[in-house]
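Visitor: when you get a sec, could you give me coordinates for this:
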Amino acid sequence: MNLFNVNVTQKCLIAECWIPTADVPHIRDSLDTTSMGVGDSVAPSFLYEVGCSQIPPTYFRLNKFTHSFQMIVDSYGIATYREINPAPWTIITFPFLFAVMFGDAGHGLIMFLAALALILVENRIKPDDEVAIILGTFFGGRYVILMMGLFSIYTGLIYNDFYSRSMNLFGSSWCSPYKYLNNTNIFV
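Guide: Next comes the predicted model:
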């Protein structure tokens, strides 16, 4: 309310803001409910839609899963109004590219389980809690870490790599060209 404009002659507060079109009915209902709840001591609240030539700000509806990925995209720049939001594609490509570089099923399992533990206790951790402050970066990126761990497990299985140890789960069709040379020395 500190940013409202005060109209002294009519004794009212005037707020100018951007509201998504889909949320206008909800805002109207909230204003009506608030006006009825206060009673006669305050003038009724109302909402006028005013045309404007300015470009509206960018707004993306996010949930707790997509929020971290949107923050990664926003670190490179925020899309302008009516531009395509690249964050949905980042949900797959960012963890996959991480996993291509870090394809280890064992370490991916640790990342996956650690992120899963943070997700399972997210309702019990308060934002101002000491644990949340210490683990803030990890807690904020818990869904990103979960996906990176999941993709690392996948690529680790493809790479046959578990805790930096080779494992031969699927067999190999590679054979050494030197196997059939009958102990012949080859100089390169």
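Visitor: what's the burial count for the closest residue to D161 other than its chain neighbours?
Guide: Spatial nearest neighbour of D161, excluding adjacent residues (CB to CB, 6 or more residues apart in numbering): D104 at 5.0 Å. Every residue, glycine included, has its C-beta placed from N, CA and C. Residues near D104, counting by other CB atoms under 10 Å, number 21.
Visitor: against L157, how distant is D104?
Guide: Look at D104 and L157: by CB to CB, to the nearest Å, they are 10 Å apart.
Visitor: what do you get for F170?
Guide: Using CB to CB, one gets 8 Å for the distance from F170 to L157.
Visitor: mind giving me the domain split of this structure?
Guide: 1-54, 66-166 (automatic domain parsing).
Visitor: lowest-confidence stretch among these?
Guide: Lowest mean pLDDT within these: domain 1-54, at a mean of 77.
Visitor: is L113 in a helix, a strand, or coil?
Guide: helix (DSSP: H, G, I helix; E, B strand; the rest coil).
Visitor: pull the contacting residues for it.
Guide: G149 (CB atoms under 8 Å, 6 or more residues apart in numbering).
Visitor: can you offset everything so residue one is 23?
Guide: Noted, 23 is the first residue going forward, which turns the last one into L135.
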